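Q: sequence first, predicted coordinates after that:
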Amino acid sequence: MNDTSREFELMVAKRYAGMLPEERVRIAAEMFDTARQLVLASFPAGLSPDELRRRLGRRFYGELADRAFS
């Protein structure tokens, strides 16, 4: 599903293309940090640090995380 107009998509793409690489990296890192906080907030309270790391990895990386934590 896409509810974004083509005109707006082009405007955003033009804006990103005009940014310095450092700006794009900063924005991407901020978006990842926000996503991470949202995912962490969805977990039940009281999980151990290891379990938090496992669940977070699983949420972001799926089966790849399962193999890494085996």
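A: Everything's here; your move.

Q: and the lengthiest helix in the chain, how far from the chain's centre?
A: In the chain, assigned by DSSP state H, the helix with the most residues is helix 21-42. Distance of helix 21-42 from its chain centroid, counting by Cα atoms, centre = their mean, to the nearest Å, is 6 Å.

Q: check which helices and strands that helix sits against.
A: Applying 3 or more Cβ pairs under 8 Å, 6 or more residues apart in numbering; DSSP states H and E, one finds that helix 21-42 contacts helix 49-61. For every residue, glycine as well, the C-beta is placed using N, CA and C.

Q: in the helix or strand just after the helix it packs on, what counts as buried?
A: Later in the chain than helix 49-61, the nearest helix or strand by DSSP states H and E is helix 63-68. With burial defined by 16 or more other Cβ atoms under 10 Å, the residues of helix 63-68 counted as buried are residue 65.

Q: contacting residues around helix 63-68?
A: With contacts defined as Cβ atoms under 8 Å, 6 or more residues apart in numbering, helix 63-68 is touched by 54, 57-58, 61.

Q: quick check: the two most widely separated of the residues you listed?
A: 54 and 61 (10.8 Å; Cβ to Cβ).

Q: the two: which is more packed in?
A: residue 54 (16 against 12; other Cβ atoms under 10 Å).
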